[in-house]
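> what follows is a protein structure lacking sequence information:
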């Protein structure tokens, strides 16, 4: 794409960005519906943190879309005859205010998306030690992003390239650090959920592997896009302008995609287990807070004496304290080398993928 005229590239990229932006608006509506339904089924308040982050990402995508539309109108219509050098010179000039503004919005959108990913990783791992390196990368992204936007804004008129050394180093550092952040956090999330699924497989009727696939899909989509724009920039290709316009809605789409896919899986599981809702409501309202752990009732040695409890899956909401019959625990985990502390911690982790993580 190095030979693609920038005025034509602006038209194509703005059109494709508009399509992705429209799709992200639709996914935003579905996301709010999923969050509302999950909170209603769980008998708790909506997850206002995720609602606020969803709105913030939509605002960022909207601002970037508006600026790109204004930029296309100015370069192709309003400034077509009056701008020195015509439309191509207009779209080439890095210090033009619409270019600076759109890159500032993109920087904020990227930092917000990476911050959400790091927060999810912390919630799953429940320790700052694991996310210390991603947080360091996030600060590196913030610093290089601010310096990149500033270095572009102070370029004198007529310097029609972002590939100068004074600008290039900060842009390269920004793309590389945000790619490393996304890649490392995605691996940490997927690994922890996979390990947790293996440890608590005997206590659950369903598997957490679909959650791993959802997170991996979102991470791969975003990582491939970042790798493409970084590759184009390193090769001094104008294709980086084209791809860069698509990243803002992609950031929103990957965030919404995780919530929607996991939320729909939760809805399907709740409908399949709906026959146990009456029993679940009789357990009281004190245990309606953090997690969903599905059990099958009594231990293996008692199943013949409690057929109804054995065949009806029970959904139990666990708060702070968890009491377990010693005999049941001994029969259930006979031959298991994991400690009870690890299992309880993993139980809490498995209940976070929808309410806190998503």
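It's in. Being a predicted model, the structure only gives us computed values, none of them experimental.

> downstream of the top helix by length along the chain, the next helix or strand is which one?
The longest helix of the chain (DSSP state H) is helix 6-42. Sequence-wise, the next helix or strand downstream of helix 6-42 (DSSP states H and E) is helix 48-73.

> tilt between the longest helix of the chain and helix 48-73?
Helix 6-42 runs at 160 degrees relative to helix 48-73, counting by axes from the mean of the first three to the mean of the last three C-alpha atoms, to 10 degrees.

> any idea which element the closest residue to residue 67 other than its chain neighbours lies in?
Distances taken as C-beta to C-beta, 6 or more residues apart in numbering place residue 102 nearest to residue 67, at 4.5 Å, with adjacent residues excluded. (Each C-beta comes from the backbone N, C-alpha and C, glycine too.) Per DSSP H and E: residue 102 is located in helix 97-125.

> now for that helix, which elements pack on it?
Contact here means 3 or more C-beta pairs under 8 Å, 6 or more residues apart in numbering; DSSP states H and E; on that basis helix 97-125 packs against helix 48-73, helix 132-153, helix 165-199, helix 239-272.

> 10 Å instead?
Counting contacts by 3 or more C-beta pairs under 10 Å, 6 or more residues apart in numbering; DSSP states H and E, helix 97-125 packs against helix 48-73, helix 86-92, helix 132-153, helix 165-199, helix 209-234, helix 239-272, helix 340-350.

> so which of those helices comes closest to residue 109?
helix 48-73 (4.0 Å; C-beta to C-beta).

> picking up where we left off before, distance of the residue nearest to residue 67 from residue 178?
From residue 102 across to residue 178, the span is 17 Å (C-beta to C-beta, to the nearest Å).

> buried set for stretch 14-28?
Across stretch 14-28, burial judged by 16 or more other C-beta atoms under 10 Å covers 14, 17, 20-21, 24-25, 27-28.

> tell me the one among the residues you listed nearest to residue 161.
residue 14 (20.9 Å).

> list the contacts for the closest one?
By C-beta atoms under 10 Å, 6 or more residues apart in numbering, the contact list for residue 14 reads 21, 65, 68-69, 71-73, 76, 245.

> tell me which two in those residues are the farthest apart.
Going by C-beta to C-beta, the pair spanning those furthest: 21 and 76, at 19.2 Å.

> about what we covered before: buried stuff in the helix holding residue 102?
98-125.

> chain center to it: distance?
Centre-to-centre, helix 97-125 and its host chain are 10 Å apart (C-alpha atoms, centre = their mean, to the nearest Å).

> local confidence estimate at residue 186?
Looking at residue 186, its pLDDT is 89.

> could you do the one 10 residues further on as well?
The predicted local confidence for residue 196 comes out at a pLDDT of 78.

> also residue 143?
95.

> since we're on it, how many residues are nearby?
When neighbours are counted by other C-beta atoms under 10 Å, residue 143 registers 14.

> mind checking how far residue 241 is from residue 28?
Counting by C-beta to C-beta, the gap from residue 241 to residue 28 is 26 Å.

> just give me the residue closest to the centre of this structure.
Centrality entry for the chain: nearest residue to the mean C-alpha point is residue 255, 3.5 Å, by C-alpha atoms, centre = their mean.

> quick one, what contacts the closest residue to that one other than its chain neighbours?
Once flanking residues are discounted, residue 255 sits nearest to residue 57: 5.7 Å by C-beta to C-beta, 6+ apart. Each residue near residue 57 by C-beta under 10 Å, 6+ apart is listed here: 24, 28, 31, 109, 112-113, 116, 248-249, 251-256.

> repeat for residue 156
Residue 156 neighbours (C-beta under 10 Å, 6+ apart): 93, 95.

> tell me the pLDDT at it?
pLDDT at residue 156 comes out at 81.

> sec struct for it, please.
Residue 156 carries the three-state label coil when classified by DSSP: H, G, I helix; E, B strand; the rest coil.

> state the phi and psi torsions of it.
phi -70, psi 160 (degrees, to the nearest 10).

> residue 236 now?
According to degrees, to the nearest 10, residue 236 has phi 60, psi 40.
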